[in-house]
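with the sequence up front, the predicted model follows.
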Amino acid sequence: MPGAEFDPILTECKNCGHEWMYGGRSMYYCTCPTCHYKNLVPLFGDRWYAAMSRLASIMSEGGINAEEEYKHTNYAISFIKRLLKEDGIDDWRESLEADLEEMKRRRAEAKTMM
Ligand SMILES: [Zn+2]
């Protein structure tokens, strides 16, 4: 979701252990301010929603040009790979479960607002 603003998210560098609040727009990589290692952005809260709505729009879009389609397809594939834990991310399942819990909580909240 280009241009989207996200809540800063607590991120821990897998390389040096530095913790910081990542406030950037990426839903994939964020660079550690200390050692410049590229870490995966935790998909949590509003980032999770943005990623899922992006995926939904990719799946429902028709008539997009080849370049866009390529970008969208790559995005979808890389995101799904993250979900399927095929990038060798050992703690991804744990993080995904936390995201799912958050999603359930938000969904329940949304229901009570309706
Ligand atoms: Zn680092």
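Structure's in. What do you need?

host element of the nearest residue to residue 41 once chain neighbours are set aside?
Leaving out its chain neighbours, the residue that sits closest to residue 41 by Cβ to Cβ, 6 or more residues apart in numbering is residue 30, at 4.9 Å. Bear in mind the C-beta positions are built from the backbone N, C-alpha and C, glycine included. Counting by DSSP states H and E, the element that carries residue 30 is strand 29-31.

what residues does residue 16 make contact with?
Neighbouring residues of residue 16 by Cβ atoms under 8 Å, 6 or more residues apart in numbering: 32, 34, 35, 37.

where does pLDDT dip in this protein?
1-4, 58-78, 80-97, 99-100, 103, 107, 111-114 (pLDDT under 70).

so which residues on it come close to the ion?
13, 15, 16, 18, 32, 34, 35, 37 (Cβ under 5 Å from the ion).

reformat those residues as JSON lines; add secondary structure.
Formatted as JSON lines, the residues of the chain next to the ion follow (DSSP: H, G, I helix; E, B strand; the rest coil):
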{"residue": "13", "secondary structure": "coil"}
{"residue": "15", "secondary structure": "coil"}
{"residue": "16", "secondary structure": "coil"}
{"residue": "18", "secondary structure": "coil"}
{"residue": "32", "secondary structure": "coil"}
{"residue": "34", "secondary structure": "coil"}
{"residue": "35", "secondary structure": "coil"}
{"residue": "37", "secondary structure": "coil"}
